[in-house]
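Novice: Generate a structure from the sequence data that follows.
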Amino acid sequence: MQYRECKATGNKLSALGLGCMRFPRDKAETERMILTAVEGGVNYFDTAYFYPNSENTLGSILAKHGKRKDVFIATKLPLMMCKKAEDFDRFFNEQLKRLQTDYIDYYMMHNISSFAQWEKFIKMGIKEWIAKKKDAGQIRHIGFSYHGTCGDFLKTLNSYAWEFCLIQYNYYDENFQAGKKGLQAAAEKGISVMSMEPLLGGRLATGLPEHAVRVFAKANPGLTPADWAFHWLWNQSEVTVVLSGMNSVSQMESNLNSINNFKLLSDNPAVYADVIDIFRRSYKIPCTGCGYCLPCPVGINIPACFSALNARHAQGFMTGISLYMNSTALITKHSLSPRLCSGCGKCEINCPQEIPIRKDLKRVIRSLEPLPVRVAAALIRSIMAR
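Specialist: Modelled structure (predicted):
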């Protein structure tokens, strides 16, 4: 394992961190994956109040094996659920209980999307609350996760004595949200930067169009597409930890191999530029599958619909329609087609990518539910009902 110093804290953090939003459904597999990570030198684990059963699972496994002192836990205060100052303690105390610990190593204000939002919580007394928790030793280091414009990121960055921050950053999203400009501004202030979505929800690993995979293979056949994505980040000294949302032991082992064999390389801008161009032409919707848009009031699996549309353009119609059929149950009487969308817009409020979800669901319908597909689905439903 390679380690990088968190400038504001002096801690040596593993260059590869485990993002805990997408744990396997099988708890035994999750346990094996976490232990494989610790044994492989991973010491930074990122979870959040919102991630389904994530804090409970991480806390129980670390406690069971006596590994709490061997790792740094990062989690987040669910700001959007805080309506009054008393809520800060309510959520924080629940998180301590879930994680079976009496302190959080790296605590974040979750999902700041504008400077105005941060100012709102300043008025609610969040700075004073953080100071008390730090004085009590319950919060060791303070930071924020960000999903907004670069301009507001810079304002937020300069408004408080942050020690670290978490941004979406990868070779495809170099100038998205905080972007490279935000990364460099944070580094200049001595604020460590953790990178989330290094593989863009897996699409830069297993979802690249075949032509893009061949471009990478021609440049260096010894590297996988995931290696290329990780190495792009690790080649930047401003990036402290690269978080990967692994959901199997095999993925963990593969990514450990990637960091263990990583060496600083000369830049390959032409290679990345070619892949980005292919990727941009093939993928239509920048959904990372984070699930913040869910649950949909009528039950539509929005990320799965977008994944199917992207697969339809990148990997062919049959691949896309197969994924779509499975994710919408289109051929059953309980179909959850995006045609059910009521247009309420709740999904768009929480989308970190600012995707016009209602508009793009109509694109999904046009592309994956043309008249022949609807007729075939109706015929299959009628046969199954006999």
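Novice: what's the first-to-last distance across stretch 150-167?
Specialist: Taking Cα to Cα, to the nearest Å, the first and last residues of stretch 150-167 lie 11 Å apart.
Novice: Show me what counts as buried in that stretch.
Specialist: Neighbour-count burial for stretch 150-167, with 16 or more other Cβ atoms under 10 Å as criterion, is recorded at 150, 152-157, 160, 162-167. From N, CA and C alone the C-beta is placed, and that goes for glycine too.
Novice: that's a helix at Gly202, yeah?
Specialist: No - secondary structure of Gly202, determined by DSSP: H, G, I helix; E, B strand; the rest coil: coil, with no helix assignment.
Novice: Need the pLDDT of it.
Specialist: At Gly202, the pLDDT value in this model is 84.
Novice: from now on call the first residue 184
Specialist: Sure thing, new numbering starts at 184, so read that last one as Gly385.
Novice: I'd like to know how many residues surround it.
Specialist: A total of 18 residues lie near Gly385 under the criterion other Cβ atoms under 10 Å.
Novice: where are the low-confidence patches of this structure?
Specialist: Screening the chain residue by residue with the criterion pLDDT under 70, one finds the ranges 448-450, 498, 512, 514-516, 564, 567-569.
Novice: any idea where the strands of it begin and end?
Specialist: Under the criterion DSSP state E, the chain contains strands at 186-188, 195-197, 199-202, 227-229, 255-260, 287-295, 322-329, 347-351, 375-379, 422-427.
Novice: packing partners for the first one?
Specialist: Using 3 or more Cβ pairs under 8 Å, 6 or more residues apart in numbering; DSSP states H and E, the elements in contact with strand 186-188 are strand 195-197, strand 422-427.
Novice: buried residues in that strand?
Specialist: Along strand 186-188, these residues count as buried under the neighbour rule (16+ other Cβ under 10 Å): 186-187.
Novice: Adding distance to Met501, write the buried residues of stretch 333-350 out as TSV.
Specialist: Written out in TSV, the entries for the buried residues of stretch 333-350 read as follows (distance: Cβ to Cβ, whole Å):
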residue	distance to Met501
Cys333	40
Asp335	43
Phe336	41
Leu337	46
Lys338	48
Thr339	45
Leu340	46
Tyr343	51
Trp345	48
Glu346	49
Phe347	45
Cys348	42
Leu349	38
Ile350	37
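Novice: which two in the residues you listed are spaced the farthest apart?
Specialist: The two members of the buried residues of stretch 333-350 with the most space between them (Cβ to Cβ) are Cys333 and Glu346, at 20.5 Å.
Novice: picking that back up, looking at the buried residues of stretch 333-350, which is nearest Ser433?
Specialist: Using Cβ to Cβ, Leu349 is the member of the buried residues of stretch 333-350 that lies nearest Ser433, at 25.8 Å.
Novice: right, and the closest one touches Met292 too?
Specialist: No - with contacts defined as Cβ atoms under 8 Å, Leu349 does not count as touching Met292, sitting 10.1 Å away.
Novice: Determine the residues that are contacts of both of these two.
Specialist: Residues touching both Leu349 and Met292 by Cβ atoms under 8 Å, 6 or more residues apart in numbering: 326-328.
Novice: Go ahead and flag the most central residue of this structure.
Specialist: Nearest residue to the geometric centre of the chain (Cα atoms, centre = their mean): Glu380, 4.5 Å.
Novice: quick one: contacts for that residue?
Specialist: Each residue near Glu380 by Cβ under 8 Å, 6+ apart is listed here: 351-353, 356, 471.
Novice: Any idea how many residues pack against the residue nearest to Asp457 when sequence neighbours are not counted?
Specialist: Nearest residue to Asp457, sequence neighbours excluded (Cβ to Cβ, 6 or more residues apart in numbering): Val398, at 5.0 Å. Residues within reach of Val398, counting by other Cβ under 10 Å, total 21.
Novice: Check Pro555 too.
Specialist: Using other Cβ under 10 Å as the criterion, Pro555 is surrounded by 8 other residues.
Novice: What of Lys280?
Specialist: 13.
Novice: who's in contact with it?
Specialist: Counting by Cβ under 8 Å, 6+ apart, Lys280 makes contact with nothing.
Novice: ditto for Gly223
Specialist: 184, 435-436, 439.
Novice: Buried members of those into ChimeraX, please.
Specialist: The buried residues among the contacts of Gly223 can be selected in ChimeraX (16+ other Cβ under 10 Å) with this line:
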select :435,439
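Novice: tell me which of the contacts of Gly223 is nearest to Trp415?
Specialist: The shortest separation between Trp415 and any of the contacts of Gly223 is 18.1 Å, and it belongs to Leu439 (by Cβ to Cβ).
Novice: quick one: that closest one from Asn430, how far?
Specialist: The gap separating Leu439 from Asn430 is 15 Å, by Cβ to Cβ, to the nearest Å.
Novice: what about the closest residue to Trp411 other than its chain neighbours, neighbour count?
Specialist: Using Cβ to Cβ, 6+ apart and skipping residues adjacent in sequence, the residue nearest Trp411 is Phe399, 5.3 Å away. Around Phe399 sit 21 other residues, with neighbours defined as other Cβ under 10 Å.
Novice: Quick check: Phe399 vs Ala456, distance?
Specialist: From Phe399 over to Ala456 the distance is 12 Å, taken as Cβ to Cβ.
Novice: ditto for Arg208
Specialist: Computed as Cβ to Cβ, the Arg208 to Ala456 distance reads 38 Å.
Novice: higher neighbour count, those two?
Specialist: Shown here are Arg208 and Ala456; by other Cβ under 10 Å, Ala456 has more neighbours (12 against 8).
Novice: For the residue nearest to Asp457, give me its contacts.
Specialist: For Val398, the contacting residues are 454, 457-458, 461, by Cβ under 8 Å, 6+ apart.
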